[in-house]
Structures are given as C-alpha cells and as structure tokens.
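Enquirer: Sharing a sequence plus its predicted fold:
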Amino acid sequence: MTEKAVRMLLVEDDPSHRLLIRKNLENHGVTNDINEVEDGQEALDYIYGVGEYADRKKYPMPDIVILDIKMPRVDGFGVLERLKSDPKMKRIPVIMLTTSSRDEEIAKGYEYGANAYVTKPLDFADFAKKLHDLKMFWVLTAEIPHDAD
Amino acid sequence: MKPFIGNLFRPNTLQGKLLVSHLSVASLGLLALLITFFATRALTGAVLHLVTDSSPKAVTAAMAMSGVHRSMAWLRVSLNDEIFKANRRKAWGEEIWPSISELIVLAGDGDRSKMLELVAILKELEVAQWWVEDAVASEGNVPAHMTLEQEIQPLYGNMISAIDYALADLGRGRNASDGRAVALAALKSDIQVSFFGMHDFVDSAEEWTERDVLVGLSNARAAMSSIVSKGGGSEFSETLELIKAEFPAYDHLIMRALSERKAENWNIARWTMSQEVIPLTKRVTQALQLLSVKYSAEMEKEAKSAASLSRFVTALISAMIVVMIALATVMSRRHAARITQPVAALSGAAEDMAAGRATADMPVTSDDEIGMLTGVFNRMRSSLEDKEAALKKRADEMEKANKEMESFIYSVSHDLKVPMITIQGMAKLLEKDLGENLSKDSQSYFKYIFDASATMSDLLDDLLEISRVGRMDVNPDVVDMNEMAKKALAEAEAFSKGRGFTFIAQADMPPVFANRRRIYQVLSNLAGNAVKFMPQNVAEPVVEIGWRCGQEGWWEYFVRDNGAGIDPKYHVKIFTLFTRLHGRNVEGTGMGLAFVRKILENMGGAIRVESEPGKGAAFHFTLPKIPEGEKG
C-alpha cells in the first residue's frame, strides 16, 4: 500500500489538551502530520485556505479532522455544520472530542454529520477502534495499534 | 319613629326592596278589597231596596187584588149566609184595606194621586157590595116578590075568603045551580090561576107562566064584570063589595108585579151587582193590575240591576285576582332574577375560579346586599389574581433560579472536566516519561493521582448527568424491558470481577413508556449497586430484575439482591445526594441512588427500598405504562 503522509488537523482550544493528544498519538507511533488550530474559526480558515493558511505547503489540506466541541468564536458544531454542508468538504472525516461518553452532545454531533467520537483524555485504544470501524486505519501508518494503558 | 320607618324601607337592602314590592302587591289586593267592599254595599242597597220596597209593593198590590177577588167570591146574590158575609167583610178588613194602606205608604208621593183614586173606587165598591148583600138579605130584593107577598097576597087572601064565604052561603041556601055560584067559582079559579101563576112567574119568569097570569087575570076581569053586572042578593053583597073594592087593586098590583118582575132590576142584588159592583171591581182590578205590573216591572228592573251589579263585582274581583297573581308573578320573577341571576353569575364565576379558568370582574347591578357581595367578590378575585400572579412570579423566579442552578452546575462540571482531563493526561504522560526511573513509592503516588482524578472525573460526570435530568428528556418511547434488563445485568456483570453471580431477568416483563436512556441508567445503576455492594461472604450472589402488578397507569419494577441488606433507619437517607454507607473500598460516587431517584421522580414515578440487615435488598420503583394511542 502506498505510504502516504496522512495529515491531521487538530482543533482544540485548551493547549494542555492539545499537548496530551499529540503526545498520546506520538507515543503510539502515529507519525502523521498533526496541524493544530485553537478554535473553530481558525479551523475553517485553515481548511478553506483563508489568510495565513493560504500557504498550502506550510498548511496542507487535512485528510482527517479531530474536532473539539467547546471552543470560542466558532464551536465544534459550527465547524461540523459548515464542512458537512459543503459538497467539496463533506468527505473529510471528522472525529469529535468529548469530555464525557455520557455527553448528549455526541448525538448532536452525529446529527450534524460527525463520523466518530472519542473521549478526552484520548484513549488510544478507543481511538484506534473508532478509526478501524470507519475503515480508516490507514490513518495509522504502518503500526499496529498499541493498547492504551 | 321616622328613623324606624326609614330603616324599614331602605332601598339599598333586599329587605327594603322586597318590602316595597310586597306592599305594592298587597296594596293592589287592598284596592280589590275596597272595590269589593263598595260594590257589596251597592249590591246590598239594591237588594235591600228590592226587599223593602219594590218587592213589597208588588206583593202588596197582589195581595190587595187577591183580597178584592176574595171579597167578590164571598158575595152571593142568591145566598144570604152570615158566614159568607163575615168572610167578605174579613176580606175587606184583613186583606184589602191593610194592603191598600201599606201600598199608600210604600207608593210614596209618586203614585199618590193614583192611590187616592184607587181608594175612592174601593170605597164605592165596598158600599156597592154591602148594598148587594143588603139587598139579598132584604125581602125587597125582588120587588115583584115583595109586591106579591106583601100587597098582592093579602088582597088575594081577602078575595078568596070572601068568595069562599059567599059560596058557602050560597051552598047553605040550597039554591044550587045559581049562576052566581058558578061565576064566583069561576072568578076564584081565575084569581087563583093568576095568583099562582104570578108566584110561578115571580120565580121563573117563564113566558107561559106570564100567559097563565094574564089569562087568569083577564078571565077574572071578565068574571068580575059579569058578576058585577048581574048584581046580587044580599047574601054576597059584602063579598061583592069586597071584591069590587079589592080586585082593581089586585089587578093593578098583578100588573105591577108583572112589570116589576120583567124589569131589568127585578132582582136588586143582581142589578146592583151587574150595574155597580162588577164595573167597580173591574176598575179596581185594572188599577191594581196596572200598579202590580208597574211594581213588578220595577222589581224586575231592580233585581236585574242587582244581578248585573253582582256579576260585575264577581268579574271585577276575578280580574283583580288574576292581575294580582300576574303582578306577584312578574314582581317575584324580577326579584328572583335580581337575586338569583347575580348569585348564579357569582357562583359561576367562583366555579371558574376554582377550576382555574380565567375570570373577569362581575358587574355590580344593584345597590343592596347582592351588590355588596358582588363588590366583595370582585375584590377577592383581584386579590387572588394578584396572589396568583405573585405566586406565579415566585414560581417562575424559582424555576429560573433552578434552571440557572442546573445550568451553572452543568457549565461548572463541564468546565471542571477540562482541567481534570489535563491533570489525568499529564499525569499519564509524566509517568510514561519518567518510566523506569520511578521508585515504587513514586509509582504508588502516581496511582493515587490517577485514582483521584478518575474519581473526580466520575463525580463530575455524575453531577453533569444529575443536573440534566428533566432538561433533555424528550421523546419517551415504548421500551422493551426484557432487552433493557439484559443489557443492564450484562453491564453490572462487568463489576462482578469474575465472581459467580446469578443474574435473573423475569420473563415477559411489560414494556414501559419512557426515555430509553434513563430507563437504562436506572436499571444499570441499581444492578451495578447490587453487584458492587455484595459482601464477599455470600456464597451464591443473586441479582434479579423483575416486576409486579402496578396501579393505575404504572408498572412496579424491582431490582433485588441477596446481599447485606440496608438498615431501615437509612431507607430514606440513601436516596439523598452524596450519601454513602460504605467506605472507600467500594466504588461509587454516592450519587447513584440520588440520580436514579431524580430520574424516576422526573417521570412522575417513585422509588423505595424494602430491606433488612442480612436479608438482602429490593429496590421497588414505578415506571409508566404505555398510554392509549401510543401502543405499537
């Protein structure tokens, strides 16, 4: 299978959470490009190549979006709605981040067209499983998913 | 006194109004009574007049008339009877004259002249009747008879005796076949014929008797003249002289008697009767008749007017009764309306208020107690409205505060979770980074950090859940309890850590109508508790989910275990937030039962526990049946 550098876009306002997720993924050998933005508006600007994100070399189009919900300016649902209603963009898989598996926002997310969700802190096994379910294990390049502790 | 009257008729009280109304109806009745009274008086007067005047007049006139008839009845021209006479006089004395004097009194001035005339005639009649009676009683009633008896008879006697004497004389001389004797005998016989014939004629006045008389007389005359012409001896010269002297008188008298008998007034009584008494009687009866008719007419007129007055009075009274009843009905209707309408309206408004429907101020339509009541009711209504509004405002405020609280809890727990995640994540990263360099103690420290943050995370999750019960519970659905029970028991088994639990779900449990997630949360919480709190010393632990027949609209489900049981003194407390009966060695945030209770109460159900220490516990709770129209 052709190796391809899979680009991720991580949309999360809390810097510590961003760090945790990145670290988690790296620790499990996910070596994709992970681009980070701080809120929904930035995410949309990135995806649509607006402003500083016009430079596609620096800011490549993501193959997958990991999307938090509670964010300033534009929140997760705002981004979801925008992306999934755009015929060009709706194909991009979006994985939601939620604070609790009991969160009813999950249902809302699915309504808006989210592809999957994972809880924070990112349980890698869960993450991997979700990707597997989406037949997206190509996201995880060449590594068998490690179990989370 | 005046204030008392004023008090009685106060127009702004029901009593006053009713009094006025009743008095007006009563006054109408009084008017009817007055009319009746005066009408009765008029009627009485008419009747009295009838009884004392026109009726007596007619009656008296009739009585006088009957008296006159009676007097006539007792008057006989052919009878001279003392009893009759007495009765006739009685008729005059006891019937006629008293009636007439009464009639004079009754007739008054109007008919006075008529009455005087009548009296005059009556007097004449009385006299005439007396004359008749008198005539009948007297011998001279039949002049012919009197003449015959008193004048002719002696003459006849004398003449017949003389002739007999003479004949006797002649007989003695024995010179029979004396022509004188024959002539005398013949004369006697003729005189006798005339005399007896006269008697007959006086009696019967028949033609042939008169002829006898005339024949007898004429023969006697002839005999007389023959005897006279022959002369006589001395033997009957006396007789002859006598006869010569008396016969002419006899003749004359006979003739007179004849004419007396043939005269119209041959019977004085009868003559007077027909000439005077009868006409007078006629006049009297005519006059009395006229009076009688007049008085009868008067009487009839008065009787008629009395009758019509009586009828009028009856009609008037009947009309007044009808009017009174109608008036009373109308007035009582009006009053009833004035009272019942406002009262009915008020009670209708009160019912509306009781039922929670909107009401408006009632109009005050009168200035009496009803009006007062209406005013008071309106004040009460607006006061209640204000109170209700205030209450509603409070309730709204409380609801708002509640929502704000829930929202606050929600955001707080949400916001707290974020740093929680950081702590948990960073601790993990740290552990990983430090790796083998960690001492055993440090490792355990990390463990504490992980456990504590996990606990905190769970607490926050529970708090989040509790704060949202009721807020996002939409779309109740038909929930298959058999499937739910299985799922919940399966999850609970995950806590069982390999112990040989027996999980029982009753068969054919009835479906309920609620939010699926909440039902699942209830069952899994209770089953999870049963597993978590099962003591180690129970050899064969059992957790059972089952149901019982419920009440109107509710099923009763239960989750039962054969664990340690719960002391009754905690049966209420365990459902309160953050209460834990176990130490830290058992998982759980202490929110489970409170959470379950909130979910059930939000559905309108309830939960209770039946348990004793050492005898396990059974948590009974009610779930809604499927309402009509939702089945399937």
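Expert: In hand now; what should we look at? Numbering: from 1, shown residues only, chains lettered A, B, ... in the order given.

Enquirer: only C-alpha atoms for contact and neighbour calcs from this point on.
Expert: Fine.

Enquirer: After the helix ranked longest in chain A, which helix or strand is next?
Expert: In chain A, taking DSSP state H as the definition, the longest helix is helix A:15-27. Next along the chain after helix A:15-27, taking DSSP states H and E as the criterion, comes strand A:33-37.

Enquirer: neighbouring strands for that following strand, and are they parallel or not?
Expert: strand A:7-11 (parallel) (DSSP bridges).

Enquirer: Run through who's touching the strand it pairs with.
Expert: Residues from elsewhere that reach strand A:7-11 (C-alpha atoms under 8 Å, 6 or more residues apart in numbering or on different chains): A:18, A:32-40, A:43, A:60-68.

Enquirer: Can I get it in CSV, CA atoms only?
Expert: The C-alpha coordinates for strand A:7-11 follow below in CSV (Å, rounded to 0.1, in the frame of the first residue of the first chain):
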residue,chain,number,x,y,z
ARG,A,7,-2.4,14.9,7.5
MET,A,8,-4.4,15.6,10.6
LEU,A,9,-6.0,18.8,11.7
LEU,A,10,-6.4,19.0,15.5
VAL,A,11,-9.0,21.6,16.5
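
Enquirer: can you give me the angle that strand makes with helix A:15-27?
Expert: Orientation check (axes from the mean of the first three to the mean of the last three C-alpha atoms, to 10 degrees): strand A:7-11 against helix A:15-27 gives 160 degrees.

Enquirer: Of all the residues in strand A:7-11, which ones are buried?
Expert: A:7-11 (16 or more other C-alpha atoms under 10 Å in any protein chain shown).

Enquirer: again with stretch B:108-126
Expert: Result for stretch B:108-126 [16+ other C-alpha under 10 Å]: buried residues B:114-115, B:118-119, B:121-122, B:124-126.

Enquirer: Show me how far the helix or strand where B:Ala183 lies is from its chain's centre.
Expert: For B:Ala183, the enclosing helix or strand under DSSP H and E is helix B:179-204. Computed by C-alpha atoms, centre = their mean, to the nearest Å, the separation of helix B:179-204 from the middle of its chain amounts to 104 Å.

Enquirer: Stretch B:281-292 now?
Expert: The answer for stretch B:281-292 is 57 Å, by C-alpha atoms, centre = their mean.

Enquirer: and it, what's its mean pLDDT?
Expert: Stretch B:281-292 shows an average pLDDT of 88 in the prediction.

Enquirer: Let me see the contact set for residue 115.
Expert: Going with chain A. A:93-96, A:134 are the contacts of A:Asn115 under C-alpha under 8 Å, 6+ apart.

Enquirer: that's the wrong chain, I wanted chain B
Expert: Neighbour list for B:Met115: B:104, B:107 [criterion: C-alpha under 8 Å, 6+ apart].

Enquirer: Check the spacing between it and B:Leu103 real quick.
Expert: Distance from B:Met115 to B:Leu103, counting by C-alpha to C-alpha, to the nearest Å: 8 Å.

Enquirer: elements contacting the following helix or strand past the helix holding B:Ala183?
Expert: Next helix or strand after helix B:179-204 toward the C-terminus (DSSP H and E): helix B:207-230. Packing partners of helix B:207-230 (3 or more C-alpha pairs under 8 Å, 6 or more residues apart in numbering or on different chains; DSSP states H and E): helix B:179-204, helix B:237-262.

Enquirer: Need the pLDDT of residue 37.
Expert: Picked chain A for this. pLDDT, A:Val37: 92.

Enquirer: ah, no, chain B please
Expert: 86.

Enquirer: which bits of chain A sit near chain B?
Expert: Within chain A, the positions adjacent to chain B are A:16-17, A:20, A:23-24, A:99-100, A:102, A:120-121 by C-alpha under 8 Å from any C-alpha of the partner chain.

Enquirer: one step back: pull out the buried positions in the helix holding B:Ala183.
Expert: Buried-residue list, helix B:179-204, by 16+ other C-alpha under 10 Å: B:180-181, B:183-202.

Enquirer: and the angle for it with helix B:237-262?
Expert: 20 degrees.

Enquirer: Summarise which helices and strands helix B:179-204 is packed against.
Expert: So helix B:179-204, by 3+ C-alpha pairs under 8 Å, 6+ apart, packs with helix B:143-146, helix B:153-172, helix B:207-230, helix B:237-262.

Enquirer: want to throw the ones you listed into TSV with mean pLDDT and mean neighbour count?
Expert: Formatted as TSV, those follow (pLDDT from 0 to 100; neighbours: other C-alpha atoms under 10 Å in any protein chain shown):
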stretch	mean pLDDT	mean neighbour count
helix B:143-146	89	24
helix B:153-172	84	18
helix B:207-230	86	18
helix B:237-262	86	18
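
Enquirer: Which neighbouring elements make contact with the host helix or strand of B:Gln15?
Expert: Using DSSP H and E, B:Gln15 sits in helix B:14-49. Contacts defined by 3+ C-alpha pairs under 8 Å, 6+ apart place helix B:14-49 against helix B:2-8, helix B:278-355.

Enquirer: give me phi/psi at the most centrally placed residue in chain A?
Expert: For chain A, A:Ile66 is the residue whose C-alpha lies nearest the centre (C-alpha atoms, centre = their mean; 1.1 Å). Taking degrees, to the nearest 10, you get phi -110, psi 120 for the backbone angles of A:Ile66.

Enquirer: okay if I get the helices and strands packed on helix B:207-230 as TSV plus distance to B:Glu399?
Expert: Listed next are the helices and strands packed on helix B:207-230 as TSV, based on distance: least, C-alpha to C-alpha, whole Å:
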stretch	distance to B:Glu399
helix B:179-204	151
helix B:237-262	153
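
Enquirer: And for residue 85, the neighbour number?
Expert: Let's take chain A. Residues near A:Ser85, counting by other C-alpha atoms under 10 Å in any protein chain shown, number 12.

Enquirer: that's the wrong chain, I meant chain B
Expert: Neighbours of B:Lys85 using other C-alpha under 10 Å come to 19.

Enquirer: residues contacting it?
Expert: B:74-75, B:133.

Enquirer: Make CSV out of those residues and add pLDDT and secondary structure.
Expert: Shown next, in CSV, are the contacts of B:Lys85 (pLDDT from 0 to 100; DSSP: H, G, I helix; E, B strand; the rest coil):
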residue, pLDDT, secondary structure
B:Trp74, 91, coil
B:Leu75, 89, coil
B:Glu133, 89, helix
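
Enquirer: Can you tell me which of those residues lies closest to B:Ser99?
Expert: B:Trp74 (18.5 Å; C-alpha to C-alpha).

Enquirer: Would you single out the least confident of the helices and strands packed on helix B:14-49?
Expert: Minimum mean pLDDT among the helices and strands packed on helix B:14-49: helix B:2-8, a mean of 72.

Enquirer: Below-threshold pLDDT in the chain: ranges please.
Expert: Let's take chain A. A:1-5, A:31, A:101-103, A:135-149 (pLDDT under 70).

Enquirer: Wait, chain B was what I had in mind.
Expert: Ranges of chain B meeting pLDDT under 70: B:1, B:8-11, B:173-178, B:231-236, B:470-474, B:577-591, B:630-632.

Enquirer: Run through the residues of it sitting next to chain A.
Expert: B:414, B:417-418, B:421-422, B:424-426, B:429, B:461, B:465.
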